[in-house]
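Peer 1: what follows is a protein structure lacking sequence information:
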């Protein structure tokens with residue numbers, strides 16, 4: 001197994017986590033050395049059971065980090081390169097992998113190459129890096145004026161992406177999340193990923209993809225994985241609607257993806273409403289976590305979800321603030337630290353650690369009703385059984401006869417199934 005097969009990520013949005021300013025510091029202002037605040041949480045990451053730190057944007061930008069102006073410079077609101085390298089070294093010393101977030105679909109309007117094009121027009125050596133539009137401006141990302149699209153037909157843009165990715169891989173990071181990968185031609189990604197992988201064969205490259213043919217995109221773009229939004233949506237939607245048929249369908253599609261790649265799975269990230277706010281019934285937080293951590297994939301925990309943080313994403317300026325809050329300096333000061341859902345994360349991540357084959361496990365549904373679901377997950381001779389009940393009365397669920405023993409949750413297992421308490425769940429080993 002390669003190292004990503006053992007990875008369980010703790011995902012942090014650094015600008016929010018450290019309480020950084022909403023906009024870039026004035027030119028010439030000294031850096032604010034805030035990245036050490038994330039380093040202070042590494043022991044929490046490990047105590048949770050994770051072994052990877054997935055960082056959101058850390059490069060110089062104008063506002064939220066995804067309007068990058070310099071991929072080679074740490075955002076002064078977070079510190080400087082020495083601060084980032086110290087964080088990487090502190091993580092590495094604990095056996096923690098580090099993933100950086102790279103935006104190569106678009107840049108901020110303060111990106112020096114774009115500023116040169118604005119000043120010099122066709123005379124700029126970077127004129128081919130951007131695409132003029134009908135208005136006399138340049139093509140932007142999804143209508144956001146401040147996010148200028150890069151021209152992915154320009155070979156120098158691919159060269160630039162390779163240089164950036166290689167620069168930070170040389171300095172000790174372990175992989176890249178590639179932002180808005182769905183908006184970039186697969187041919188561009190293939191050029192970049194092939195060249196990066198030739199130098200860094202162990203790097204893990206995951207593309208942000210929301211809709212579409214995940215397996216086809218992985219194969220054509222050369223990614224190791226993509227973000228599994230289908231399963232994310234099916235988990236909370238099926239729990240809210242009490243419709244396990246939706247989840248069963250998604251698990252079947254998820255299972256098929258394993259023939260090509262291992263998806264990156266999650267219940268939350270920096271772009272979506274917190275799972276505790278998304279679910280109509282907070283009793284189902286446990287069910288959601290069970291599904292995530294007993295399904296195939298490379299899972300991530302969005303920092304704060306383990307504490308039942310709430311936050312609703314809104315489609316407006318500043319609409320992400322609620323899902324990207326500042327964290328206290330020490331984990332013990334976080335509301336929800338040590339509470340039942342925090343402990344459940346530790347228990348279920350521990351269960352997954354004891355069964356590392358779950359990363360590529362295939363799922364077989366045994367019982368399926370609107371409110372009752374049972375399934376087995378297995379690889380080779382290894383197998384676990386999972387039972388879930390969303391009803392307010394006990395439910396019976398079938399499983400293949402295997403002498404099941406409950407290892408998490410509560411249910412009365414017998415030879416070929418289980419009796420699940422109201423709103424209950426359980427995981428069993430044969």
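Peer 2: In hand now; what should we look at? This one's a predicted model, so the numbers in the text were calculated from it and none came from an experiment.
Peer 1: contact partners for residue 318?
Peer 2: Applying Cβ atoms under 8 Å, 6 or more residues apart in numbering, we find residue 318 in contact with residue 22. C-beta here means a position set from N, CA and C on the backbone, and glycine is covered the same way.
Peer 1: would you verify that it is located in a strand?
Peer 2: No - under DSSP: H, G, I helix; E, B strand; the rest coil, residue 318 sits outside any strand and is assigned coil.
Peer 1: that one and residue 21: what is the separation?
Peer 2: Residue 318 sits 13 Å away from residue 21, going by Cβ to Cβ, to the nearest Å.
Peer 1: before we move on, what about residue 290?
Peer 2: From residue 290 over to residue 21 (counting by Cβ to Cβ), the distance is 39 Å.
Peer 1: likewise residue 151?
Peer 2: In terms of Cβ to Cβ, residue 151 sits 31 Å off from residue 21.
Peer 1: then residue 363?
Peer 2: 45 Å.
Peer 1: cool, residue 123 as well?
Peer 2: Residue 123 is 35 Å from residue 21, where distance means Cβ to Cβ.
Peer 1: out of the two, which sits in the busier spot?
Peer 2: Taking other Cβ atoms under 10 Å, residue 123 and residue 21 do not tie; residue 21 has more neighbours (13 against 9).
Peer 1: residues of the lowest-mean-pLDDT helix or strand in the chain that come out buried?
Peer 2: Lowest by mean pLDDT, DSSP states H and E among the helices and strands of the chain is strand 412-414, with a mean of 94. Residues of strand 412-414 classed as buried by neighbour count (16 or more other Cβ atoms under 10 Å): residue 413.
Peer 1: run through who's touching it.
Peer 2: Strand 412-414 has contacts (Cβ under 8 Å, 6+ apart) with 385, 399, 404, 405, 406, 418, 419, 426, 428.
Peer 1: could I get the average pLDDT for the helix or strand where residue 164 lies?
Peer 2: When elements are assigned from DSSP states H and E, residue 164 belongs to helix 155-170. Averaged across helix 155-170, the pLDDT comes to 98.
Peer 1: now swap in stretch 73-87 and tell me
Peer 2: On average, stretch 73-87 scores 98.
Peer 1: what does stretch 373-393 give?
Peer 2: pLDDT averaged over stretch 373-393 gives 97.
Peer 1: in that stretch, what counts as buried?
Peer 2: 373-379, 383-391.
Peer 1: returning to that earlier point: tell me what the helix holding residue 164 is packed against?
Peer 2: Helices and strands touching helix 155-170, by 3 or more Cβ pairs under 8 Å, 6 or more residues apart in numbering; DSSP states H and E, are strand 68-74, strand 97-102, helix 186-199.
Peer 1: dump those into TSV; add distance to residue 239 as well.
Peer 2: Converted to TSV, the helices and strands packed on helix 155-170 look like this (distance: least, Cβ to Cβ, whole Å):
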stretch	distance to residue 239
strand 68-74	36
strand 97-102	28
helix 186-199	34
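Peer 1: the helices in the stretch 151-300 of the chain, which residues?
Peer 2: 155-170, 186-199, 214-221, 229-241, 244-257, 275-278, 285-294 (DSSP state H, counting those that start in this stretch).
Peer 1: residue most distant from the centroid, the chain?
Peer 2: Relative to the centre of the chain, the most outlying C-alpha is that of residue 123, 40.8 Å out, by Cα atoms, centre = their mean.
Peer 1: give the contact list for that residue.
Peer 2: Residue 123 neighbours (Cβ under 8 Å, 6+ apart): none.
Peer 1: distance of it relative to residue 112?
Peer 2: 16 Å.
Peer 1: good, we can wrap up now.
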